[in-house]
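Undergrad: sequence first, predicted model second:
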Amino acid sequence: MAAPWCSRCAWLLLVFIYSLYVMVISEEPTPGNEQHASVVDNPQTPAETVKQPTEERRWEATQVDETVPDDAAAIKPDLPVPDSVLTPTPPLKDEFQEELVVRPLHSGDIYASFQFRTVWETDFTRGSKVSHYRLFPKSLGQVISKFSVRELHISFTQGYWRTMQWGQPYLPSPPGAELWVWFQDTVTDVDATWKELTNVLSGIFCASLNFIDSTNTVQPSASFKPLGIANGTDHRFLRYATLPREIVCTENLTPWKKLLPCGSKAGLAVLLKSEKLFHSSFHSQAVHIRPVCQDGPCKTSSLELRQTLNVVFDLHASGQGKREWSLFKMFSRTLTEACPLASSSKIYIDVTDNPQEDQFELSPATHLLSQAVVLGDRRTFSVYDLTQQVTFGTVRSLNVLIRWKSTEGDMLRPLLHAERYVAGYGLQTGEIHTLMYNNHPFRSFPVLLLDSVPWYLRLYVHTLTVTSKGKDNKPSYIHYQPSKDRMRPHLLEMLVQLPPHSVTEVTVQFERALLKWTEYTPDPNHGFYVGSSVVSALVPSTVAMNTNITKEQPLFSTFFPTKEESSYFIRVYTEPLLVNLPTPDFSMPYNVICLTCTVVAVGYGSLYNLLTRSFQVEEPNPGLAKRIANVIRKMRGVPPL
Amino acid sequence: MATAEVERRRGQLAALSIAAVVIIVGVPLWWKTTETYRAWLPVSQIRELAKLQLQLSADVEVVFARGTVTPEQQKKVPLTQTQEEDHAVDEDTALKYRYETKYRTATIMEEDALNKPNAAEADLSLHVLSESPCGSLVIYVIPESSSLLPEDVKVYIGQRRTALLRVPQMRTAKTLEQLLHHLQPHIKQVLRVMSFSRADITAALSDRVRFHPGNKESIADSMRAFKSSPGYEITFSLLNPDPKSHRLHWDIEGAAQTYIQPLLTKMSPVANFSIDSQTLHYAMLGVNPRFDNTRSAYMLNADSLAHVINPVEARLGSNAASSNPVLNFLLYVPDAYHSPLYIQDQNKQEVPSNAFHSPRWGGIMVYNVDSYYGPEAEFPVDININMAKVMGVFLAQLRLLLGVQSSPPPPGFLVAPCGSTGLADWELDRLMWSRSVENIATATTTITSLAQLLDQIGNIVINDNIAEQVSSAVTSLQLAVAELEAGNLKFALQFSKEAIQASEKAFFDPSLLHLLYFPDDQKFAIYIPLFLPMCVPILLSLIKIASEARQKRREKQAKKD
């Protein structure tokens, strides 16, 4: 096993030396087209390239050639040059809001969900070049205008959301990285654009999104509809990919924070310190870009950027056994101000389960209460408005504290829940089981199941069975796209009706393929990941959902658009699977070479000997006894035998 | 005995034939199966290009106005003269400047134009009369008595490609040759300002030729401008470290359209430009400015400017959508507690523009807003930024960074102010000359080093597409050199740009890296188990046969004796 390692290291070293060599020889930092990806990969790159001439960099005061500006101004004397600068300013076209929701969970854990929303009244779709940015981050704006992106959703998640213990999250996301993009219908070569886009995003977010290629990209036909305004839903312009293995850490958080107008200098974002955020049971950060309507009839469209960060803090890991939570304990920071650029900046604490303050105690107390319909339920929230100085009190700092009084109380089972596992033994075949639970006591509802399975698990679609309550449940819609080896994965989408209070099981058998030896990951014995299946559903709501988009609502309740009052949309992700593939011994090729060579050499050697040696009859040597006898006879003076 | 001899002979023959089979069949087979694909490259042409021999040709027209030539001198014109000048930069690079000078007398319409009341009007009407092509120049020699130019001005350089030259004491020259001889130094001086000069071309070749540590100032001048590139991204950033106190508004869209766009449109033959802007909040400078009691202002030293940028630069972000070099222009509005802020130069003097620039990076301007509100103002204050003032500074910096030379003209020269576009035609020509030379130099360096690299490392696979790129780069280079020689500046620049693109594409092609590394120790590890046991017996028996043959011959020799 050492040999491949050695060679890999040596390989890297040589590549490095080669690049040095290239640089020395060409003495030219101008990157070519092919370096494109690497240049955009790393936001630090320009900094590094300019570091090179730092020694020679000379700062010079600029002497303005007086004729230039005068002349330029003279050409256009009617340009408004305000003398008094305190003139009324034109209305701004962009707006920023920030929000934090804290939901105490029944398990004693605590769920904090940040949402930052920038809405910019501009038109990216009409082909006009947008190049002047204020609150909207320039890097993302350039990306969506260059690649003609209509909607972009990207999430990075560490840990798995435990629906049965924690209920539904405000924003679901699968473990690892997930990216789905709707392109505008003007894009001609969607696959090439997608490839380039993933490379650029990989640079922006410091993530391995560049590993997204045709083998893990699918075009779901029904599961991922555009969330913003859209006139066409032709799924040729949709691409969806997950990287279940992606590890999320500080290097992803830093560029994510950089996209915020206030950075991490002011407002709610000061709480986002990586040493605390990554010391948690669940961490998920996401960026959602979509076109939205400003008003009911949708006369003006604008671009919405939502940056969300969800985190679940564990009671036992960081609470030291006490059931007590505060902002300071969670984030090791307190709040002192709102982001000055934000038009609204609020903290919501979910107090629905605590009407008489018998569950927990909240301090400082707030009189502001707000009700919102979220996830099919009417919830009550205590609200802290950070734009009001009163919120910060006399100490000029806000540290919301929750102290539990009792450990009782149980949670309603979530209406929809899904899980998945691999069954079977051996390294040849196996079976994927997907279980979907409908916990609604009397309503059945349809769900869309999406499964994207890599090509090296060869699905036997004829073995596909869907059963609920012991009976065969025939899906009303099946979309199946078979895989092509090393080209594209399997895509299986189906619409299944879940009967009330039931478990529906979807099973499909598969065969494990043998990979080529260069296709194995560096640690093949760890296994291969299969991304989460996605269950999208319109779940019957117990209360009337809010369909009026113009009404002022908290951000967390407005992510998925609601079209009707009686149901709400949720998406549930199952666990990713870890499947073992038959893994060869990687020193085998060399052993085989050695062994066959030795065999050939032995055979050849004997043949060669036979052919070239000359054989002659030799006098047989006298035996040992005879020789001894001869010696004795010699001593006696008798002639030898 | 005879049978043993026969047997021995048979063994020898068998050994020899096995060796023959190995050599005739085995070695070619092994050679063929382990060969890497290497497409044909135009190596000899590349080797020719490595020795850069450039010839720059410019057409110059010298027009004599009425009263500058005597009638008998006039008889000999029109007349064409060619001057050549050699400029050996180093042993591999040699340049030749060729001016084709055509002398003629002015037409009636030109005479009319030259009789306009002032030089600017004359310049304009001369331009209307005939448009000279890119890279050429027209010099009008006007009589000393002409009232076009002020007293102490000897040469007027117009906005286009014309110059007016007033030469004193023309009457001393009797023949035309004498007159031309007398004119020659003046014309040369004009050419040095308006067309390519040695300094420009040497600076353009800085990639190829090591600089002789000469004048520090000239090195700084040559290092300031960005390197030639097919495109540039211009980014304006408004830095607001204190959004709590200042709510800043800038009409960057309109300002860029008014002030920057005309220049960029004019420069579009040289490169493509794109403009964007952003606002960065809470962006701090890297140094704390010092408070100066005497001026009751904060001061930023010239020495500390180098540290100012580093923290800001991390937030500027690279352009995600292209790989062209970025020109950064930052407008920094100091926060309310550190206002006003001024920049000091080396002599402890305030810099009047309150701006500075860094070579090949961009510029920063500090914009103080504290005077717009009183001490009792209620925060946050809305502030509109005066874009005319800002853009004047940025435009000056942009000209410097793009390499539009604005070295002061020699005494006696009057340079016309460069109208709305901010760039005169001859300035553009100068830039195009040096950019063409720079592109050609860069492309040849890239191509020759690629050829060298491929030559040295035999393991690299050369695919057909790389060979194609290399060939097209070489062709474009040859065309560019030829066009330069013919004086077609526009085409030369075009071809040189194509050459640079093709050469970079070939150089950075990832397929070159694939089989680069195949270490010898691993090769031996694979070969030894088979080759050693096979070759050793063959070699041994060959040696044995050889030694036996030698012995036999010696015996024969001995027998003869």
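TA: That came in fine, so what should we check first?
Undergrad: just checking, A:Thr507 is part of a strand?
TA: Yes. Counting by DSSP: H, G, I helix; E, B strand; the rest coil, A:Thr507 is located in a strand.
Undergrad: now it: how far from chain B?
TA: 43 Å (CB to the nearest CB, to the nearest Å). C-beta here means a position set from N, CA and C on the backbone, and glycine is covered the same way.
Undergrad: ok, now which ones touch residue 498?
TA: All of this refers to chain A. Contact analysis of A:Leu498 by CB atoms under 8 Å, 6 or more residues apart in numbering or on different chains lists A:Leu416, A:Met436, A:Asn438, A:Ser444, A:Phe445, A:Pro446, A:Val447, A:Ser468, A:Thr504, A:Ala537.
Undergrad: try chain B instead
TA: Applying CB under 8 Å, 6+ apart, the residues near B:Glu498 are B:Ser472, B:Ala473, B:Ser476.
Undergrad: was I right about the last one contacting B:Ala492?
TA: In this case it means B:Ser476. No. Contact criterion CB atoms under 8 Å: B:Ser476 and B:Ala492 do not qualify, at 10.4 Å.
Undergrad: higher neighbour count, the two?
TA: Each of B:Ser476 and B:Ala492 has its neighbours counted (other CB atoms under 10 Å in any protein chain shown); B:Ala492 has more, 29 against 23.
Undergrad: the more buried one reaches B:Gln478, doesn't it?
TA: No. B:Ala492 is not in contact with B:Gln478 according to CB under 8 Å; the separation is 11.5 Å.
Undergrad: where does the stretch 1-150 of chain A have low pLDDT?
TA: Scanning the stretch 1-150 of chain A for pLDDT under 70 picks out A:1-91, A:124-130.
Undergrad: what about 90?
TA: A:1-95, A:103-110, A:120-135, A:138-139, A:141-148, A:150 (pLDDT under 90).
Undergrad: is stretch A:169-180 in proximity to chain B?
TA: No. Stretch A:169-180 is not in contact with chain B by CB under 8 Å from any CB of the partner chain; minimum separation 15.3 Å.
Undergrad: can I get that stretch in PDB? Just the C-alpha atoms.
TA: Taking C-alpha atoms only, stretch A:169-180 is exported to PDB below (Å, rounded to 0.1, in the frame of the first residue of the first chain):
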ATOM      1  CA  PRO A 169     -36.900  22.700   9.900                       C
ATOM      2  CA  TYR A 170     -37.800  26.100   8.400                       C
ATOM      3  CA  LEU A 171     -35.500  25.300   5.600                       C
ATOM      4  CA  PRO A 172     -34.700  21.700   4.800                       C
ATOM      5  CA  SER A 173     -31.400  20.600   3.400                       C
ATOM      6  CA  PRO A 174     -29.700  17.300   2.900                       C
ATOM      7  CA  PRO A 175     -26.300  16.400   4.500                       C
ATOM      8  CA  GLY A 176     -23.400  17.500   2.400                       C
ATOM      9  CA  ALA A 177     -23.700  20.000  -0.400                       C
ATOM     10  CA  GLU A 178     -26.700  20.500  -2.600                       C
ATOM     11  CA  LEU A 179     -27.000  22.700  -5.700                       C
ATOM     12  CA  TRP A 180     -29.900  23.200  -7.900                       C
END
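Undergrad: what are the ranges of the helices in the stretch 301-450 of chain A?
TA: Assigned by DSSP state H, counting those that start in this stretch, the helices in the stretch 301-450 of chain A fall at A:315-318, A:327-331.
Undergrad: return the member of those helices having the minimum mean pLDDT.
TA: Among the helices of the stretch 301-450 of chain A, helix A:315-318 carries the lowest mean pLDDT, at a mean of 64.
Undergrad: how many residues are close by the residue nearest to A:Pro355 when sequence neighbours are not counted?
TA: Nearest residue to A:Pro355, sequence neighbours excluded (CB to CB, 6 or more residues apart in numbering or on different chains): A:Thr380, at 7.6 Å. As a burial measure, A:Thr380 scores 16 neighbours (other CB under 10 Å).
Undergrad: does A:Thr380 touch A:Val373 like I think?
TA: No. Taking contacts as CB under 8 Å, A:Thr380 lies outside contact range of A:Val373: 11.0 Å.
Undergrad: now do the strands in the stretch 251-400 of chain A.
TA: A:282-293, A:301-313, A:324-326, A:344-350, A:360-363, A:369-374, A:377-385 (DSSP state E, counting those that start in this stretch).
Undergrad: quick one: strands adjacent to the second one?
TA: The one in question is strand A:301-313. strand A:110-120 (antiparallel), strand A:282-293 (antiparallel) (DSSP bridges).
Undergrad: can you put these in JSON lines and add mean neighbour count?
TA: Formatted as JSON lines, the strands paired with strand A:301-313 follow (neighbours: other CB atoms under 10 Å in any protein chain shown):
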{"stretch": "strand A:110-120", "mean neighbour count": "23"}
{"stretch": "strand A:282-293", "mean neighbour count": "21"}
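Undergrad: okay if I get these as CSV plus distance to A:Val200?
TA: Shown next, in CSV, are those (distance: least, CB to CB, whole Å):
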stretch, distance to A:Val200
strand A:110-120, 20
strand A:282-293, 13
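Undergrad: end to end, how far does stretch B:194-206 reach?
TA: Distance across stretch B:194-206, first residue to last, is 21 Å (CA to CA, to the nearest Å).
Undergrad: returning to that earlier point: format the strands of the stretch 251-400 of chain A as TSV; extra columns: mean pLDDT.
TA: Converted to TSV, the strands of the stretch 251-400 of chain A look like this (pLDDT from 0 to 100):
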stretch	mean pLDDT
strand A:282-293	92
strand A:301-313	91
strand A:324-326	83
strand A:344-350	91
strand A:360-363	82
strand A:369-374	84
strand A:377-385	88
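Undergrad: might you report the residue contacts of whatever residue of the stretch 451-600 of chain A ends up closest to chain B?
TA: Closest residue of the stretch 451-600 of chain A to chain B, CB to the nearest CB: A:Cys597 (3.5 Å). By CB under 8 Å, 6+ apart, the contact set of A:Cys597 is B:Pro529, B:Leu530, B:Pro533.
Undergrad: switch to 7 Å and redo it
TA: B:Pro529, B:Leu530 (CB atoms under 7 Å, 6 or more residues apart in numbering or on different chains).
Undergrad: just to be sure, it is in a helix?
TA: Yes. Assessed by three-state DSSP, A:Cys597 belongs to a helix.
Undergrad: what residue lies at the spatial centre of chain A?
TA: Taking CA atoms, centre = their mean as the criterion, A:Ala177 is the residue nearest the geometric centre of chain A, at 1.5 Å.
Undergrad: for the nearest residue to that residue once chain neighbours are set aside, which three-state class applies?
TA: Take A:Ala177 and drop its neighbours on the chain: the residue closest to it by CB to CB, 6+ apart is A:Glu246, 3.9 Å away. Following three-state DSSP, A:Glu246 is assigned to coil.
Undergrad: surely A:Glu246 meets A:Pro175?
TA: No. Counting by CB atoms under 7 Å, A:Glu246 does not reach A:Pro175; the two are 8.5 Å apart.
Undergrad: show me which of these two is the more surrounded one.
TA: Between A:Glu246 and A:Pro175, A:Pro175 has the larger neighbour count (other CB under 10 Å), namely 27 against 19.
Undergrad: so which residues on the stretch 251-400 of chain A come close to chain B?
TA: Within the stretch 251-400 of chain A, the positions adjacent to chain B are A:Lys258, A:Pro261, A:Cys262, A:Gly263, A:Lys265, A:Ala266, A:Pro340, A:Leu341 by CB under 7 Å from any CB of the partner chain.
Undergrad: now do 10 Å
TA: Residues of the stretch 251-400 of chain A found near chain B (CB under 10 Å from any CB of the partner chain) are A:254-255, A:258-266, A:337, A:339-341.
Undergrad: pull the most distant pair out of the residues you listed.
TA: By the measure CB to CB, A:Pro255 and A:Glu337 form the most distant pair in those, at 24.0 Å.
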